[in-house]
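Undergrad: Turn this into a structure:
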Amino acid sequence: MKSPLLASVLLAVAQLAAAQTQYNWRVYNNGGCDHNSSAAATFPPNPAPAGIADVDTCISVPQGIDWNRLEVGIGTLEMFTFCGDHCTGDVLETDDTGCNLPPPGCAIASFIGFPPE
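TA: Residues are numbered from 1 along each chain as shown. Sure thing, here's the model as predicted:
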């Protein structure tokens, strides 16, 4: 027989996860998501805190830099990375891998995350 307390705790955790409306993010230009990367290889630049984005909101990053990885701090989003700013141009959709790639042949210029359907 399962404990009513355990069931209540599991329900509360599930509701909290479903209510996730923001996530942390950082882009890298050195081919990985290494937290020890230099300030020149990251945006927001290390050691500043990661950026915070609202779910369902497009984020554009500084242009003219070969941002080739997007790290997000939650593993339950469908991420879309774009070649153009304001979530335009070629797009790559992924289930958040933690260290997301750009669309083939370009740098990450913007991104957006949605809760999985």
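Undergrad: From the centroid of this structure, which residue is nearest?
TA: Closest residue to the average C-alpha location of the chain: residue 72 at 3.1 Å, with Cα atoms, centre = their mean.
Undergrad: contacting residues for that residue?
TA: By Cβ atoms under 8 Å, 6 or more residues apart in numbering, the contact set of residue 72 is 23-25, 79, 96, 98, 100, 113. C-betas here are computed from N, CA, C, even on glycine.
Undergrad: per-residue pLDDT, it?
TA: Residue 72 is assigned 93 on the pLDDT scale.
Undergrad: before we move on, back to that, just checking, which of the contacts of residue 72 belong to strands?
TA: Those of the contacts of residue 72 mapping onto strands are 23-25, 79, 100, 113, per DSSP state E.
Undergrad: hmm, back to that, please convert the buried members of the contacts of residue 72 into ChimeraX selection syntax.
TA: To isolate the buried subset of the contacts of residue 72 in ChimeraX, counting by 16 or more other Cβ atoms under 10 Å, use the following:
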select :23,25,79,96,100,113
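Undergrad: number of nearby residues for residue 90?
TA: For residue 90, the neighbour count with other Cβ atoms under 10 Å is 14.
Undergrad: element containing it?
TA: Of the helices and strands defined by DSSP states H and E, residue 90 is found in strand 88-95.
Undergrad: residues of that strand that come out buried?
TA: Residues 91-92 are the ones in strand 88-95 that count as buried (16+ other Cβ under 10 Å).
Undergrad: Of the contacts of residue 72, which one scores lowest on pLDDT?
TA: By predicted confidence, the contacts of residue 72 are weakest at residue 96, whose pLDDT stands at 72.
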